[in-house]
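Visitor: using only what follows, build the 3D model:
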Amino acid sequence: MKKTAVVIIACACSAPTVAMAGLFGEDRSVKYTVAADYANTNVSFSETDSAALSNEDFKSDFVNVKLGVRPENFVGRGSFLTFEAHIGAGVRDGDYSGELDVPLEEANAQVSNDIETDLYYGLFVVPHAVVFDMFELSFPVGYARTEYSKGFPADTTDDGNADSVRTVDSSYDSITFGGNIMLPLRLLMPNAPDIRLSLGGQVYHQSSELRTYGYNAGLRWDF
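Guide: Numbers count the residues shown, from 1 in each chain. From the prediction side, this is the model:
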């Protein structure tokens, strides 16, 4: 009778572990992750060294690639850490693309609300938690640098027309943080590789000069 009870208890305790292994990989000591996100951000400048950027709001999209290492020592059952390096580049052009031989005032009115994210990179510590053996939460916290460029029409011949384009470059370092929810493809396709759909939001920069924040969506592959 005692042996039967022990077997029943052991099976009951192992059931959630088996379910987690099916959705989140056979081996919980997965050591590497690769992810790619599309980030849609709002770039809000306050008082800066550039009068052209001060008190202005822009849009900027970029693709962010993440390479992660997951140590074998986990925080606890269903929770763990990864250490990630992020690098991204913009897909939304911030250059002025209007006609040059027009009055400067008219050209300035045509300046796009887009700004180019030339480069984004940083290092992150990312706590993860598996919830109900169904989905995963992650909370990236790190330090990143973002470089922007923006083209504006200019008058270089004093004729009152937009005769050239001047480019304003700026770069900022900041602590950055966010949150993501991830769903494994194995929820829908049991035989799928260990890939997760990711959706989240992040504050990419926060300081007295600039605040950049937005939403991201992408995929993560653990191997």
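Visitor: mind jotting down where the strands sit in the chain?
Guide: Secondary structure of the chain by DSSP state E: the strands cover 32-45, 57-69, 79-90, 116-131, 135-138, 141-154, 164-184, 195-206, 210-222.
Visitor: what's the closest of those to residue 103?
Guide: strand 141-154 (9.8 Å; C-beta to C-beta). Bear in mind the C-beta positions are built from the backbone N, C-alpha and C, glycine included.
Visitor: pipe the strands of the chain into JSON lines and attach mean neighbour count, mean pLDDT and distance to residue 105 per row.
Guide: Shown next, in JSON lines, are the strands of the chain (neighbours: other C-beta atoms under 10 Å; pLDDT from 0 to 100; distance: least, C-beta to C-beta, whole Å):
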{"stretch": "strand 32-45", "mean neighbour count": "19", "mean pLDDT": "96", "distance to residue 105": "22"}
{"stretch": "strand 57-69", "mean neighbour count": "18", "mean pLDDT": "96", "distance to residue 105": "20"}
{"stretch": "strand 79-90", "mean neighbour count": "19", "mean pLDDT": "93", "distance to residue 105": "28"}
{"stretch": "strand 116-131", "mean neighbour count": "18", "mean pLDDT": "95", "distance to residue 105": "24"}
{"stretch": "strand 135-138", "mean neighbour count": "20", "mean pLDDT": "93", "distance to residue 105": "48"}
{"stretch": "strand 141-154", "mean neighbour count": "19", "mean pLDDT": "94", "distance to residue 105": "10"}
{"stretch": "strand 164-184", "mean neighbour count": "16", "mean pLDDT": "94", "distance to residue 105": "16"}
{"stretch": "strand 195-206", "mean neighbour count": "19", "mean pLDDT": "95", "distance to residue 105": "31"}
{"stretch": "strand 210-222", "mean neighbour count": "18", "mean pLDDT": "95", "distance to residue 105": "27"}
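Visitor: can you redo those as a markdown table with distance to residue 101?
Guide: Formatted as a markdown table, the strands of the chain follow (distance: least, C-beta to C-beta, whole Å):
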| stretch | distance to residue 101 |
| --- | --- |
| strand 32-45 | 29 |
| strand 57-69 | 26 |
| strand 79-90 | 28 |
| strand 116-131 | 24 |
| strand 135-138 | 51 |
| strand 141-154 | 11 |
| strand 164-184 | 11 |
| strand 195-206 | 37 |
| strand 210-222 | 34 |
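Visitor: so which of the ones you listed gets nearest residue 97?
Guide: strand 141-154 (8.1 Å).
Visitor: note down every partner strand of that closest one and its orientation.
Guide: According to DSSP bridges, strand 141-154 forms sheet pairs with strand 116-131 (antiparallel), strand 164-184 (antiparallel).
Visitor: now the longest one, how far from the chain's geometric center?
Guide: A distance of 8 Å separates the centroid of the chain from that of strand 164-184, by C-alpha atoms, centre = their mean, to the nearest Å.
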